[in-house]
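> Fold the following for me, if possible:
(4 chains)
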Number of protein chains: 2
Amino acid sequence: MIASSKFGVAVHILALLAMENRSLSSTFIARSVNTNPVVIRRILGGLAQARLVTTQLGSEGGAKLARACEEISLLEVYQAVEQSEHFGLTTNQPSPYCPCGSNIRPVLAGVFDRVEKAVETTLDEVSIAQVVKDIELRRATANLGQ
Amino acid sequence: MIASSKFGVAVHILALLAMENRSLSSTFIARSVNTNPVVIRRILGGLAQARLVTTQLGSEGGAKLARACEEISLLEVYQAVEQSEHFGLTTNQPSPYCPCGSNIRPVLAGVFDRVEKAVETTLDEVSIAQVVKDIELRRATANLGQ
DNA sequence: AACATATGTAACAGTTAGTGTTACTATTAC
DNA sequence: GTAATAGTAACACTAACTGTTACATATGTT
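Numbers count the residues shown, from 1 in each chain, chains lettered A, B, ... in the order given. Model (predicted):
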């Protein structure tokens, strides 16, 4: 469903903003994600449009969360960064003369709708706060062995 | 989750085989789908590997269902034609020095797993027989206006 | 006012997956 | 032997993603 890594990077950005709890530059975030700052700024653009972060131009600028991390669901992140169509119908229209071809498109669309709803429901159950909690938990258990 | 139209075409092929209930050539199927026969043969290759159809070389050859359409779930079709990774982690490893970056990958993987499971559960609830039933229903109601 | 730092964004290259096409080989029915 | 068919390689084209450089614009500091 998610062909790219944009969603994963977006969640990473938001979790990092939540954990650091301050305004971060795209360069700082890019070091954590291990990519180019422009890639981060592009994704931040989508997150800002969706009102999940606010950005500040100029020196001492950067991005920060627009609301508490408990109030940001992964569904909102998904919708902010992924393009709308994840389930593909063919661009070619099937034969209108075939009993199957002339009727299958709406049937497939119905199936795709059900799947998309299932994805959205699952993503809506997880918040950035939960992601941060999971990260902290892993950090704690990882340190046990040291 | 499904970036391409392969899944939709595969369902179309199987529904057509179920409705016609005989061996069909890739050329015949291609006319219904409105694409090139080689595209159909490529997808049939995946379906044959997954034992959903059998194919026959030579004159009077073609493809037919390997089992009753009631016994083919869309999950099997999905797994037969879509490549395994639909949720993308970055290929770049996040910073091992960042508390967030060093722990986020398994957390994201957990989220992706839950979503993938939701998709699979939804697809497993629908059979090719159900798709055919929906097509027949549409055909019947479409004809009412004529 | 000058400067350093930062976002926003355009432009370009490289990669990958999907799609469509032609061409050819191997197989099979008649 | 011939026609019809699957299987598959090779190629071109497109679209999306990723990464990079470059530059205009904005803003805090001195």
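
> So, low pLDDT: which residues of chain A?
A:1-3, A:84-87, A:143, A:145-146 (pLDDT under 70).

> where exactly do the helices run in it?
A:6-20, A:26-33, A:37-49, A:74-81, A:104-124, A:128-144 (DSSP state H).

> Any residue of the first one touching DNA strand C?
Spelled out, that is helix A:6-20. No - Helix A:6-20 is not in contact with DNA strand C by C-beta under 7 Å from any atom of the strand; minimum separation 10.8 Å. C-beta here means a position set from N, CA and C on the backbone, and glycine is covered the same way.

> With distance to A:S59 and mean neighbour count as added columns, please give the helices of chain A in a markdown table.
Compiled in a markdown table, those are given as follows (distance: least, C-beta to C-beta, whole Å; neighbours: other C-beta atoms under 10 Å in any protein chain shown):
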| stretch | distance to A:S59 | mean neighbour count |
| --- | --- | --- |
| helix A:6-20 | 19 | 24 |
| helix A:26-33 | 13 | 21 |
| helix A:37-49 | 16 | 18 |
| helix A:74-81 | 27 | 21 |
| helix A:104-124 | 36 | 18 |
| helix A:128-144 | 28 | 16 |
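
> Sort out which residues of stretch A:92-106 are buried, please.
Neighbour-count burial for stretch A:92-106 flags A:P94, A:C98, A:P99, A:C100, A:G101, A:S102, A:N103, A:I104, A:R105 (criterion: 16 or more other C-beta atoms under 10 Å in any protein chain shown).

> Could you identify the most distant pair in those residues?
Spatial extent of these (C-beta to C-beta) is set by the pair A:P99 and A:R105 at 13.1 Å.

> what does chain A have sitting close to DNA strand C?
A:24-27, A:37-38, A:41-42, A:44-45, A:48, A:55-63, A:88, A:90-92.

> Go back to those and keep what's next to DNA strand D.
With the criterion set as C-beta under 7 Å from any atom of the strand, the members of those near DNA strand D are A:V38, A:Q56, A:L57, A:G58, A:S59, A:E60, A:G61.

> Is any residue of stretch A:35-44 near chain B?
Yes - using C-beta under 8 Å from any C-beta of the partner chain, stretch A:35-44 reaches chain B at A:T35.

> And that stretch, how far out from the chain middle?
14 Å (C-alpha atoms, centre = their mean, to the nearest Å).

> what do you get for stretch A:105-119?
Distance of stretch A:105-119 from its chain centroid, counting by C-alpha atoms, centre = their mean, is 21 Å.

> isn't A:A15 right up against A:V132?
Yes - applying C-beta atoms under 8 Å, one finds A:A15 in contact with A:V132, separated by 5.4 Å.
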